[in-house]
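Student: From the sequence below, what's the structure:
(chains A and B)
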Amino acid sequence: MAENIEFFLNAKKISTNVHPAKTLLDFIRVDESLKGTKEGCREGDCGACTVLVGEINNDQLKYKSVNSCLYPIGNADGKHVVTIEGLNNERLTPIQEEFNNEGATQCGFCTPGFVNSLTGYVIEHKELNNIDAETSIAGNICRCTGYSSIKRTAENVVEKINSLNLESQSRIIALVERDILPKYFLEIEEKLKSFDIKPANKCISKSTIIGGGTDLFVQHADSLMNEDVSFAKNFGLNNIQVIDNECVVGASITIEEFKNSEIIKKHFPSLMKQLEMFASLPIRNSATIGGNLVNASPIGDSAIIFLALNAKLRICNNNNFRIINLNQFHKGYKTFDLYEDEIIEDIIFQLPTENEYFNFEKVSKRTYLDIASVNSALNISVTNRIINSAHLSAGGIAPIPLYLSETSNFLKGKGVSSETILDALNIVQSEISPISDIRGSAEYKRILLSQLLKAHFIKLFPELIDVEVLL
Amino acid sequence: MKNFDAVSHIKGKSIYIDDYPLPEGTLHAVVFDSKIAHGKIVNLSLEKAKVSKGVSAILTAKDIPSENQIGGIIEDETLLAEDEVHFIGEPIAIVLADSVTNARKAVKEIEIEFEELPIITNPREAFSKNSLIAPPVTFSSGNVSDAWNNCDTIIDGTIDSGGQEHLYLETQGAISIPIEGNKIKIISSTQSPTGVQRKAAKVLGVPMHQVEVDVLRLGGAFGGKEDQATVWGVLSALAAFILDKPIKLVLSREDDLRMTGKRHPYSSDYKMGLTKDGKILAYEVTFYQNAGAVADLSTAVLDRTLFHATNCYYIPNVKATGISCKTNLPPNTAFRGFGGPQGMFVIEAAIVKAASALGLQAYDIQRINLLKNNDLFYYGQKVENSQAISSWDSAVNLFNSKELIEKKNKFNKNNSLFKKGISFMPICFGISFTSSFLNQASALVHVYTDGSVGISTGAVEMGQGVNAKIATAASKIFSIDITKVKVESTNTTRAANTSPTAASSAADMNGNATILACKQILNRLIDFARTELNASEEDDIKIENEKVFINGEASNLIWSDLISKAYFGRISLSAQAYYRTPEIYFDRDINKGSPFAYHVYGTAISTVTLDVIRGTYKFDSVKIMHDFGKSLNRNIDIGQVEGALVQGIGWMTIEEIRHSANGKLLANTLSTYKVPDIYSIPKEIEVKFLENSENRFGPFNSKAIGEPPFMYGIGAYFAILDAMNSVRPNKEFEISAPLTPEKVLLALYS
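Tutor: Predicted structure coming up:
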């Protein structure tokens, strides 16, 4: 079953028949004996194993950071994998130099991951800024420095690289010229283009389908090595487009692609920022929208967002397709309406009209790179202070990501006011059934959801709400 | 000079246990551990596991050639469980296979039956059932009982603080290699090379000289590898010894989180009496320490709690009692601060409550009770060179605390959705191991014929920069460029009978030993140069910047030539030196003495913004005035302060260790146990160096740095609490760390 996987690991061409579900981390460390990539947790929560993956996209070579511990080697097919060894020049690169200047390494175990993440940011962005530089390294945990020196490093790198005024048709060439990347990077694009492009093939077999693998590999990395697997990326479901005022999102679109798409930027500007609370950049770079929905976590962020957008799913098998509402998809804890021979093809939702407002709220123990205690989204249409329609969803308060239909119905036709909110709180409490778990006690989750409902309105209609009544 | 290995870290070339090239035939070990918290092993069947693919052997307690005992302070800890298990994660067997994957598969084939016994997870319950690690210990001064009568206000309460996972990025591990002549070499990720050596020798039944322990570096430790690296080092040595094969044992994160102990959770009762103007007259406190199933370092940790029960305040009447309670949790252990933070948290909470009772501000009470020179600590030590008031006043002035408070008050008046809070956190932390005998160190210095220098000491580099400090000390003594100095791995054949790298003291003690050894060689070199230069006894010979000077004038003799000539002149270019911290003692019969060489002081001012609707918070700033003495390396020392602060904030806010009723760790992965990420840290962290602080005990007047700044993080709790008080001015909140967003929201709204 193992087909040949070809890719570049740093400057070296790899052609291998290892099981495609082998993690990139194990391949790098064990098969290739490159020890600069560290194993810290094997669940994408520490970033010590961060590597860069470059691929040709719309005829352009693009790099992104991923957690190699959760990245199946099958997903690396045709790509360029860069480890710290593949970034090293003879001397420290200007990026590495800043880590040294600031003393931004203590025990050193997390450092290669940080260097990779930050270098990935520098490669991909022509104009650097401190906020995005910080985001690029926010999936990396350091237990020694307290991050201050690392933040200073990132800020120095931003200033330094921006001041170079790199003007070149190719950023890669410019970066190589400044010794920020090693020379072999110049040849990668051509080399990747020389790989045979495997055509998209939406043939669904009974194998396990892997999207980004970012949840699958946390739990099942070992057992996947004994299974027949296929990769969602080969299905060709990686478009996001508007058709007749509906947004159609291919299931293989990654969270980061979705977040940065022009459609989201234009129609849901606040969502872009809020989606930064979805895991970390390396996870968002791998995790797919479809994967997040079939993972079926009762607390999955994307399900909550799409429920409030009243999204539909286009589900297909090799012969047919059907369309169902997302709020009918999840049936019980980790169960959903999808036959063995089916996949989610697209997620479809209406673009907002002029009077529609959207808000997403998430509270977790740690604000970023954490799973919510409770998350909630509200999509609401209001004219002259009267609610035309409302779609409210919440996670962490039921066995499934929940569309709160009673509260949504209640809100319809009401005026936007503190009184309406207080009444809605009673209703919302009647349709949830939270349990106590590691994300919080049932009591906490009940209170928190009420608070998030208040937060939706305070954020969307600050001038219409008497806040004092809600405190 | 940065961290000694900074460049190699940044290039990903530094190696950790998991990165060593392995000798041929190395077997991989995975540990089979108890799945229940307390019970008898009724049946252990290895048959299926032994025939699992790739398995070479499975070892249990029965295979131990000598003593099955690795307890450090108290001998109560088996290497492998015999008939009974006492916590989830207790090692029962070790599987050796040709790969980690195969070893892991075989572990799942091991069959075991237990007869479950009752379990205890709560220290107060343990105390009530007399389940103790050691008898209670009391430190006292004055007479608390009499003093209550003189107080205008007496407050009391109960306070809890939680555990904390070390989360060193490099998990525990060791590689053991059999060497001819029945010897074992252990490459270990340990803070205590001698501890590993001693226990391995004991378990294997060989003299200590048959066991060599080598430590290149640790990928973080924070106390978690002081005592708890030993079990993995010794397990791998046991397998190497019995099978005559190299053995690699590196814990997966999951195994590490489950099997190893954490910072000790405490539950404490306090009573505090004050005059109406806030002078603290009496303080009585009882600490119930959750030690876990075996002693580990718990009694020593508890000692330090008792030594720091009053933080930096002078209180004439003190009674502090510590009870180390035995529970069915993995043995809790050393963690940065070593019990000090748990003690200081209680008195800070007591002061906040007293302030509210007296209608004062907490900072008013804090300020007027700060330690002054010649005050006596309640354990008998005289306060010398106190920087408590100077660091407080400098912080208040430099950071303009008045303005910070006014800004906060104004903000809170004008905002209801967000509230700001502020706290002041002064610290006083004693430097020296509280077990006085551990305050010794040695250094072996070689100058090679080309003038380069190699140094071996007992200090272990774990990111704290001790190697850079030792190298700095040597380069200063010889007056040579620091690039000429290399600090070698920590190895028991080059530095024997070492104390653990702990108690913030490694740079002090090993640095001082290095200075002594370098001076021996330097003196020989000066004498030799005198002869070489035909100078007389009266002439002043010095080496400066690698040149020899006579009476202030440069000679033609440079360092490398001097060394080469000295070698041919048959001058010894090596020296070994020994250092012990002077003047310290402690009488355990009366719990009085002068246990610390000196104290480290400082003050942090923390401000926070609380999101009243969501119960979340974000720290605006932490401004710190810290007493570094004369810092030996500012870059490293600031890194230690920043790192410790954030770790302390983590302990007080989001790092939550909880166990189920049956003793299972609940947050047992990194997706559930959350340490601070880059977004969790204060928007602004400002660290200032306190001026005019000297320290005759530290190398070149420096002060120890590792642990003290951790306790600035305690201020995080009280800043949030201050903001909560602005939301609900008339509510008294339960004090229980960590103050997670969950606890905040429940406190405000339930």
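Student: can we go C-alpha only for contacts and neighbour counts from here?
Tutor: OK.
Student: so who does the nearest residue to B:Pro136 once chain neighbours are set aside touch?
Tutor: Using C-alpha to C-alpha, 6 or more residues apart in numbering or on different chains and skipping residues adjacent in sequence, the residue nearest B:Pro136 is B:Ile323, 4.6 Å away. Contacts of B:Ile323 were listed using C-alpha atoms under 8 Å, 6 or more residues apart in numbering or on different chains, and they are B:127, B:132, B:134-137, B:286-289, B:302.
Student: Test my guess that B:Ile721 contacts B:Gly421.
Tutor: Let me fix one detail, which is that residue B:721 is Leu and not Ile. Yes - judged on C-alpha atoms under 8 Å, B:Leu721 makes contact with B:Gly421 at a distance of 7.2 Å.
Student: out of the two, which sits in the more crowded spot?
Tutor: More crowded of B:Leu721 and B:Gly421, by other C-alpha atoms under 10 Å in any protein chain shown: B:Gly421, with 27 against 24.
Student: if we can go back for a sec, and the particular helix or strand that has the residue nearest to B:Pro136 in it, how far out from the chain middle?
Tutor: Applying DSSP states H and E as the criterion places B:Ile323 in strand B:317-326. The chain centroid and the centroid of strand B:317-326 are separated by 21 Å, computed with C-alpha atoms, centre = their mean, to the nearest Å.
Student: Could you do stretch B:124-134 as well?
Tutor: Computed by C-alpha atoms, centre = their mean, the chain-centroid distance of stretch B:124-134 equals 26 Å.
Student: same thing with stretch B:678-688?
Tutor: Centroid separation between stretch B:678-688 and its chain, computed with C-alpha atoms, centre = their mean, is 22 Å.
Student: That one: which residues count as buried?
Tutor: Within stretch B:678-688, the residues that qualify as buried are B:678-682, B:685-688, counting by 16 or more other C-alpha atoms under 10 Å in any protein chain shown.
Student: Ok, stretch B:233-243 next?
Tutor: B:233-241, B:243.
Student: what's next to it, contact-wise?
Tutor: The contact list for stretch B:233-243 (C-alpha under 8 Å, 6+ apart) reads B:29, B:59, B:64, B:79, B:94, B:96, B:173-178, B:182, B:184-188, B:196, B:199-200, B:203-204, B:245-249.
Student: Just the buried ones from those residues?
Tutor: Buried by 16+ other C-alpha under 10 Å: B:29, B:59, B:64, B:79, B:94, B:96, B:173-178, B:184-188, B:196, B:199-200, B:203-204, B:245-249, out of the contacts of stretch B:233-243.
Student: quick one: B:Gly278 is in a strand?
Tutor: No - under DSSP: H, G, I helix; E, B strand; the rest coil, B:Gly278 falls outside any strand and is assigned coil.
Student: Assess the claim that it and B:Ser356 are in contact.
Tutor: No - when contacts are counted by C-alpha under 8 Å, B:Gly278 is not listed as touching B:Ser356 (10.9 Å).
Student: the more surrounded of the two?
Tutor: Taking other C-alpha under 10 Å, B:Gly278 and B:Ser356 do not tie; B:Gly278 has more neighbours (25 against 13).
Student: Spatially nearest residue to that one (excluding sequence neighbours)?
Tutor: B:Ile365 (5.1 Å).
Student: circling back: just put the buried residues of stretch B:233-243 in TSV and tack on distance to B:Tyr378 and pLDDT.
Tutor: TSV is the format used below for the buried residues of stretch B:233-243 (distance: C-alpha to C-alpha, whole Å; pLDDT from 0 to 100):
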residue	distance to B:Tyr378	pLDDT
B:Gly233	40	98
B:Val234	40	98
B:Leu235	43	98
B:Ser236	45	98
B:Ala237	45	98
B:Leu238	46	98
B:Ala239	49	98
B:Ala240	50	98
B:Phe241	50	98
B:Leu243	54	98
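Student: quick one: the residue of chain B found nearest chain A and B:Gly648, what's the gap?
Tutor: The minimum distance from chain B to chain A, using C-alpha to the nearest C-alpha, falls at B:Gly463 (3.5 Å). B:Gly463 sits 17 Å away from B:Gly648, taking C-alpha to C-alpha, to the nearest Å as the criterion.
Student: What of A:Ser441?
Tutor: When distance is defined by C-alpha to C-alpha, A:Ser441 is 25 Å away from B:Gly648.
Student: and those two? which has more neighbours close in?
Tutor: Neighbours per residue (other C-alpha under 10 Å) separate A:Ser441 from B:Gly648, with B:Gly648 holding more: 27 against 15.
Student: what's the burial count for the nearest residue to the more buried one once chain neighbours are set aside?
Tutor: Among residues not flanking B:Gly648 along the chain, B:Gly713 sits closest, at 4.0 Å (C-alpha to C-alpha, 6+ apart). Residues near B:Gly713, counting by other C-alpha under 10 Å, number 24.
Student: So which residues of the stretch 651-750 of chain B form helices?
Tutor: Using DSSP state H, counting those that start in this stretch, the helices of the stretch 651-750 of chain B run over residues B:714-727, B:741-749.
Student: Kindly reformat these as TSV containing distance to chain A and mean pLDDT.
Tutor: As requested, these are exported to TSV (distance: least, C-alpha to the nearest C-alpha, whole Å; pLDDT from 0 to 100):
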stretch	distance to chain A	mean pLDDT
helix B:714-727	9	98
helix B:741-749	6	98
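Student: which one of these is the most hemmed in?
Tutor: helix B:714-727 (a mean of 25; mean count of other C-alpha atoms under 10 Å in any protein chain shown).
Student: Would you pull up how far that helix lies from the middle of the chain?
Tutor: 26 Å.
Student: picking up where we left off before, quick check: mean pLDDT across the strand holding B:Ile323?
Tutor: Mean pLDDT, strand B:317-326: 98.
Student: Just checking, which helix or strand succeeds it along the chain?
Tutor: Strand B:317-326 is succeeded, C-terminally, by helix B:340-358 (DSSP H and E).
Student: and the angle from that next one to strand B:317-326?
Tutor: In terms of direction (axes from the mean of the first three to the mean of the last three C-alpha atoms, to 10 degrees), helix B:340-358 departs from strand B:317-326 by 130 degrees.
Student: wait, doesn't B:Lys618 sit right on B:Pro676?
Tutor: No - here B:Lys618 lies out of contact with B:Pro676, judged by C-alpha under 8 Å, at a distance of 11.9 Å.
Student: Noted, bye for now.
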